[in-house]
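*Asks:* Build me a model:
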Amino acid sequence: MKKTVLCSALLAAFCLAATAQAAPVHTVPSFTQEAEELARLPGGGWLLLDKHGLRLFNASGQEQDRIAVRAKQLDTRSDGNKVLAVFLEADTQRPLPVSVDVQAGKLVKLAPFPVPTFSVEASCLYRDAQQLDHLFLIGKDGQAEQWVMQGEQRQLVRKLALPPHAKHCRVDDGAQRLLVSESNMGVWAYDADSEGMGKREVVALRKPYGQLDGGAGALAVLPGGVAVLDGKAEKLHLLARQGGNWTALPPQAVALNVRKGDSQLALDKDSLLLRGKNAWQARPLKWTGKAETQPAVDIIAPQAQTEPMARQGDAADDPAIWLSSNPANARILGTNKKQGLLVYDLQGKQTQLLEVGRLNNVDVRQNIQLNGNKVDLAVATQRDDNSMMLFTISADGIVAEAGRFPTGLKSIYGMCLYQPASGGVQAFINDKDGTFQQYKVEMSGMSGNKFSATLLRSFKVATQPEGCVADDANARLFLGEETRGVWTTSADAAKPDALTMVLPVGAILTADVEGMAIYRKPGAKPDSGYLIVSSQGDSSYVVLDTQAPYKVRGRFKVGFNLPAGIDGTSETDGLDVTSANLGGAYAQGMLVIQDGYKRLPDGPQNFKYVAWGDVAKALKLE
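*Replies:* A predicted model of the protein is given here:
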């Protein structure tokens, strides 16, 4: 009896061709039948794990190489004729990576990972947007780790808490999605990208919460979806992610004779391979879903990082750069929202800590003419008492508290400094309610060490702001309204003008809009320069012209620098940039970025140093 193809009305593009009796079954080579796990290779060859070990076969079925080992949990990634395979040594559970040279027919052992500190139930590979290979290890009790490998390096990226009794996992690289099969419950999806807090979503659950009869078994990633064996191993479920939701075909009873609990899935072109009680079989699979991909963005490696905060959680917020007459002695000021102000050198070593309370944003201006004196000042917002704090910076980079001024704001937040062409210095302070205040900072007294602050004007935006930067050369203020975009207005209190939208939140800029800074080459004309904005929602940074029509020059992310043991950046609050030649990698300047989640391994927040030359090269900036 002929059976029609079963399709879901909800998912017309996805269907499984199968029959209960006389369905066309693709053949699987006989030499694979004893394999516990297998993978199809470029060119038609096979890689399989069986009682003899890891074995490599060519398309003609000839065994070309083998590694004698008791192993489990095979996963692979291909790059042309080079394939990376990783499996777990059964006795020690040590992950063993192997390079598979398909053309030469050779298996080459690579440097192993350390022996795990917990019992591993599931493992799987992930190749990130930087083309670095990661390995997830998941324990029976839910302990989990993410490792990254490059050459001989094997580094722990982060620890995770995942569902207990997870026996299978797979990663959709394009979607940066880790899929975990919890045997008694269902399938969960997590962010595979290590930066950020990560998200979890339900893919499929057991009855009565979902459509699975007995929890979830083996997984196979499909373009834009996943195939899941039911925990009772009598049904195969196909799920696709559409419009941010997972949608399933009605479960189909397919006569697979698949063993319960320890069955495997694999893909072979247009077939799904399933391991039953005695052998592997192939079922034709018609799946026309499209693979998910993240928007293309340049990834830049940081050059250095600061020592981590002395406080856990959301502590680091905003950096500012102070330049010395000797470029090598430049300093980075950074706020700790739970402690005060920290000072670092260009190697990231902490040189000072001023425990002055919950500072949020900080900015620096140098060579300020005040009362006949030249002074370098830093100003920060203090959230304990809603005040504006002043700090002097000496010629040798020593920072000292110099004044504290009440603002009358109820929830002080961000700030930035403005150095008018006429001299002096002014501060823009904002409140979470959208209020901006502009102050003139002055110095008085015979000794020239008394500061005062005079309110010049106030204005307000509709919703919560934070980041801002003043373009001193053009007397313009750029400010970020976190959920709406970047605005500009006059920085001259005597010549106010209406707010003009520079870049709205949308396809390029993702809320929240956070830190911003201006890069302009030394001696360059005022009509040049770039505005750098933290697009916190997608952990990227947008670069655009400081002049109308504010052309967007590109966007980038900060990724791993594995040789230096530095992770990327994520969920950035504040940033600062200088075009000064600080030597070495920083000959064209430096960008300092707050990192919301420190990895490699997990730790308190810190700041990352990025060479501006790398940004300019990636975005083809002049």
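
*Asks:* mind exporting stretch 426-438 as PDB, just the C-alpha atoms?
*Replies:* The C-alpha trace of stretch 426-438 is given here as PDB (Å, rounded to 0.1, in the frame of the first residue of the first chain):
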ATOM      1  CA  GLN A 426      31.800  72.100  31.400                       C
ATOM      2  CA  ALA A 427      30.000  69.000  32.400                       C
ATOM      3  CA  PHE A 428      26.800  67.400  31.100                       C
ATOM      4  CA  ILE A 429      25.100  65.300  33.700                       C
ATOM      5  CA  ASN A 430      22.000  63.300  33.200                       C
ATOM      6  CA  ASP A 431      19.300  61.500  35.200                       C
ATOM      7  CA  LYS A 432      17.400  58.300  34.500                       C
ATOM      8  CA  ASP A 433      14.200  60.400  34.000                       C
ATOM      9  CA  GLY A 434      15.800  62.000  30.900                       C
ATOM     10  CA  THR A 435      16.900  65.300  32.500                       C
ATOM     11  CA  PHE A 436      20.200  66.800  31.400                       C
ATOM     12  CA  GLN A 437      22.100  69.500  33.300                       C
ATOM     13  CA  GLN A 438      25.000  71.500  32.000                       C
END
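
*Asks:* what residues does that stretch touch?
*Replies:* Stretch 426-438 has contacts (Cβ atoms under 8 Å, 6 or more residues apart in numbering) with 363, 379, 381, 388, 407, 409-420, 439-441, 453, 455-466, 468, 470, 477, 479, 481, 491, 493. The way it works is simple: take the backbone N, C-alpha and C, and place the C-beta from them, glycine included.

*Asks:* Mind checking which of those are buried?
*Replies:* Among the contacts of stretch 426-438, those classed as buried by 16 or more other Cβ atoms under 10 Å are 363, 379, 381, 388, 407, 409, 412-419, 439-441, 453, 459, 461, 464-466, 468, 470, 477, 479, 481, 491, 493.

*Asks:* Show only the entries of those residues found in strands.
*Replies:* 363, 379, 381, 388, 412-418, 439-441, 453, 459, 465-466, 468, 470, 477, 479, 481 (DSSP state E).

*Asks:* and the gap between Asp527 and Val533?
*Replies:* Distance, Asp527 to Val533, using Cβ to Cβ, to the nearest Å: 19 Å.

*Asks:* Neighbour count: these two, which is higher?
*Replies:* Neighbour count, other Cβ atoms under 10 Å: between Asp527 and Val533, Val533 has more, with 29 against 11.

*Asks:* Torsion angles phi and psi at the more buried one?
*Replies:* Note on Val533: backbone dihedrals following degrees, to the nearest 10 are phi -130, psi 140.

*Asks:* give the contact list for it.
*Replies:* Here Val533 is in contact with 467, 480, 486, 503, 509, 513-516, 541-542, 544 (Cβ under 8 Å, 6+ apart).

*Asks:* let's see it at 10 Å
*Replies:* 467, 469, 478, 480, 485-486, 502-503, 508-509, 513-517, 540-544, 552, 555, 572, 575 (Cβ atoms under 10 Å, 6 or more residues apart in numbering).

*Asks:* same question, Ser78
*Replies:* Contacts of Ser78 by Cβ under 10 Å, 6+ apart are 39-42, 84-85, 100, 102, 127.

*Asks:* what are the phi and psi values for it?
*Replies:* Taking degrees, to the nearest 10 as the convention, Ser78 sits at phi -110, psi 150.

*Asks:* pLDDT and distance to Leu49 for the contacts of Ser78 - can I get that in CSV?
*Replies:* As requested, the contacts of Ser78 are exported to CSV (pLDDT from 0 to 100; distance: Cβ to Cβ, whole Å):
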residue, pLDDT, distance to Leu49
Ala39, 95, 9
Arg40, 94, 14
Leu41, 94, 14
Pro42, 93, 19
Leu84, 97, 15
Ala85, 97, 9
Val100, 96, 13
Val102, 94, 17
Arg127, 97, 21
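
*Asks:* got any ranges where the stretch 251-400 of the chain has weak pLDDT?
*Replies:* Residues of the stretch 251-400 of the chain that meet the criterion pLDDT under 70 lie in 251-262.

*Asks:* Now with 50, please.
*Replies:* For the stretch 251-400 of the chain, the stretches with pLDDT under 50 are 253-257, 261-262.

*Asks:* What values do phi and psi take at Thr335?
*Replies:* Dihedral angles for Thr335 - degrees, to the nearest 10 - are phi -90, psi 150.

*Asks:* neighbours of it, just the number please.
*Replies:* If we define neighbours as other Cβ under 10 Å, then Thr335 has 28 of them.

*Asks:* distance of the nearest residue to it once chain neighbours are set aside from Leu160?
*Replies:* Nearest residue to Thr335, sequence neighbours excluded (Cβ to Cβ, 6 or more residues apart in numbering): Leu359, at 4.1 Å. Plainly put, Leu359 is 32 Å away from Leu160 if you go by Cβ to Cβ.

*Asks:* Give me the more crowded residue out of these two.
*Replies:* Legend: neighbour count by other Cβ under 10 Å for Leu359 and Leu160, higher for Leu359 (26 against 19).

*Asks:* List the contacts of that one.
*Replies:* Neighbouring residues of Leu359 by Cβ under 10 Å, 6+ apart: 317-318, 333-342, 380-384, 389, 391.

*Asks:* and those residues, which are buried?
*Replies:* Among the contacts of Leu359, those classed as buried by 16+ other Cβ under 10 Å are 317-318, 333-342, 380-383, 389, 391.

*Asks:* Among those, which ones are in strands?
*Replies:* 317-318, 333-336, 340-342, 380-382, 389, 391.

*Asks:* in the stretch 401-550 of the chain, which spans are helices?
*Replies:* Counting by DSSP state H, counting those that start in this stretch, the stretch 401-550 of the chain has no helices at all.

*Asks:* remind me which residues of it are low pLDDT?
*Replies:* In the stretch 401-550 of the chain (pLDDT under 50), no residue qualifies.

*Asks:* Recalculate using a threshold of 70.
*Replies:* Scanning the stretch 401-550 of the chain for pLDDT under 70 picks out 445-449.

*Asks:* Next: the stretch 1-150 of the chain.
*Replies:* 1-26.

*Asks:* could you pull out the strands for it?
*Replies:* Counting by DSSP state E, counting those that start in this stretch, the stretch 1-150 of the chain has these strands, from start to end: 6-7, 14-16, 37-40, 46-50, 53-57, 63-67, 71-79, 82-89, 95-101, 106-109, 120-127, 133-139, 143-150.
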